[in-house]
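>>> With the sequence up front, the predicted model follows.
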Protein chains: 2
Amino acid sequence: MASEAEFLDGYDPSAYERLTLAVDLVLLGLSGGSLAALLLERQAHPHAGRWALPGGLVGIDEPLEAAAARVLRDKAGLTQAHLEQLYTFGGLDRDPRMRIVSVAYLALLSERAFAEALAGGSGLVAATLDVPWAGEAGGPVTARAAGGAPLPLAFDHAEILALAVLRLRGKLDYSEVGFALLPEHFTLRQLQDVHEAILGAPLNKPAFRRRMLDRGWLSATGLREAGTSFRPAELYRFQRPR
Amino acid sequence: MASEAEFLDGYDPSAYERLTLAVDLVLLGLSGGSLAALLLERQAHPHAGRWALPGGLVGIDEPLEAAAARVLRDKAGLTQAHLEQLYTFGGLDRDPRMRIVSVAYLALLSERAFAEALAGGSGLVAATLDVPWAGEAGGPVTARAAGGAPLPLAFDHAEILALAVLRLRGKLDYSEVGFALLPEHFTLRQLQDVHEAILGAPLNKPAFRRRMLDRGWLSATGLREAGTSFRPAELYRFQRPR
């Protein structure tokens, strides 16, 4: 048998079918207390006028994480967000141009990062997400501009958004995921709003508060909400349980 | 602006860089009470003589799930296993031939499916996995043939295996994942062995048993182990909690 070096010398990569790889970023945050994703209106074909996740093609010499970080920087003006690989979407007809397989990444943005990305200048818009509760499968996702009319979504991006919300749902009850979206100091009402937005279902207030306090995740700050005239609520901060 | 149809007519997909996509399957089961993966010894370059996950290239017109199901059928002789997408590995140097991005899938095989795949004739071997506990990151994985000497692994497959074990670890405490590997009737000792193999750490026996019983996952069958002469242990079966 020839050596591996000889084998590689004679190897012809062009004998194999190739496809195009992309990354798409699901950048989630809170907008007016609701769960929201950052979307861009497509200016060019295909799907011009529809709304898409910020994304881009992966270079042949570019690691996937580097491509995701590049899109984050170029389209959202962010360098810091923690990107987690969500899922790889490889349906045959997801793009009318050619076979493009997309590796989707998820980042939960703090209030500050979310505002920074919106102000970043590349035209991102905060679209609130309605994902009705439908058990483990989740319902279809509807994205709305400022809580208004539904935005038509490009490609399979409704599916990507729905999976991102499902991933959050799965983690909500045993991880810090709900706190990543909140400001440093928050009220129990804000925390419940985040959970309800992710779950797509209302929660029982006393049971929710008891569960959160039992988890040992909450630390009272001794501070109260400012700017509300009537019975300002207490502010909490997240603490890592021992 | 031209219509989308006109745009697509003039579109040249060859203007984009393309790469090769593969699927690799992590097929886990139990071998002699230990966590084990099905591996194949590579007969050809590159990495001839090293051990690899069963895998294959994705066809240009083949959905990812179809490619994974094809590899499952062709290399493990299985048509039934539940394949879950694990992670996409896109490092630049993972294959010396060319840039190959791999979408890894994970399946937990029952005792019967694991035996069927071993007997399937394509040369799969059950390699037991040692993954020492090292917190959330997990330790490096060592695969051994029949508990013997370490098997050298091909490509980044040690990394893929380690991530599969981490995924199991993350799910073990709040999902049915541990039971998928066990036969229908099992002893509490077998259940603890599975958990210890996945966690890479010993567990306190009374605390473990109490936790499993508290979960409401276990149903006593009233049966006892056969073939052990001394104090045969009670057999349990998994039940979905209410």
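Done, it's in.

>>> Would you map the helices across chain A?
A:4-9, A:64-76, A:111-119, A:157-172, A:177-180, A:188-199, A:205-214 (DSSP state H).

>>> Including mean neighbour count, mean pLDDT and distance to A:Leu38, could these go into CSV?
(C-beta placed from N, C-alpha, C; glycine too.) Below are those laid out as CSV (neighbours: other C-beta atoms under 10 Å in any protein chain shown; pLDDT from 0 to 100; distance: least, C-beta to C-beta, whole Å):
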stretch, mean neighbour count, mean pLDDT, distance to A:Leu38
helix A:4-9, 12, 88, 43
helix A:64-76, 19, 96, 6
helix A:111-119, 17, 92, 6
helix A:157-172, 20, 92, 11
helix A:177-180, 20, 90, 15
helix A:188-199, 19, 91, 16
helix A:205-214, 12, 92, 27
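
>>> Put together a markdown table for those, with distance to chain B on each row.
Putting the helices of chain A into a markdown table (distance: least, C-beta to the nearest C-beta, whole Å) gives the following:
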| stretch | distance to chain B |
| --- | --- |
| helix A:4-9 | 4 |
| helix A:64-76 | 4 |
| helix A:111-119 | 24 |
| helix A:157-172 | 10 |
| helix A:177-180 | 13 |
| helix A:188-199 | 17 |
| helix A:205-214 | 15 |
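
>>> Now do the strand ranked longest in chain A: which elements does it pack against?
Using DSSP state E to define each element, chain A has its longest strand at strand A:20-31. With contacts taken as 3 or more C-beta pairs under 8 Å, 6 or more residues apart in numbering or on different chains; DSSP states H and E, strand A:20-31 sits against strand A:34-41, strand A:55-57, helix A:64-76, strand A:100-108, helix A:111-119, strand A:125-130, helix A:157-172.

>>> Can you redo the helices of chain A as CSV, where the extra columns are distance to B:Pro63?
Shown next, in CSV, are these (distance: least, C-beta to C-beta, whole Å):
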stretch, distance to B:Pro63
helix A:4-9, 30
helix A:64-76, 20
helix A:111-119, 33
helix A:157-172, 14
helix A:177-180, 30
helix A:188-199, 29
helix A:205-214, 40
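
>>> Please name whichever of those helices is nearest to B:Ala68.
Closest approach to B:Ala68 among the helices of chain A is made by helix A:157-172 (17.5 Å; C-beta to C-beta).

>>> so who does A:Thr88 touch?
If you count contacts by C-beta atoms under 8 Å, 6 or more residues apart in numbering or on different chains, A:Thr88 has them with A:Val101, A:Ser102, A:Val103, A:Ala104, B:Leu64, B:Gln85, B:Thr88, B:Val103.

>>> What distance do you get for A:Pro132 to A:Gly77?
32 Å (C-beta to C-beta, to the nearest Å).

>>> Those two: which has the busier surroundings?
A:Gly77 (16 against 11; other C-beta atoms under 10 Å in any protein chain shown).

>>> What residues are bridge-paired with A:Leu108?
A:Leu28 (DSSP bridges).

>>> Quick one: neighbours of it, just the number.
24.
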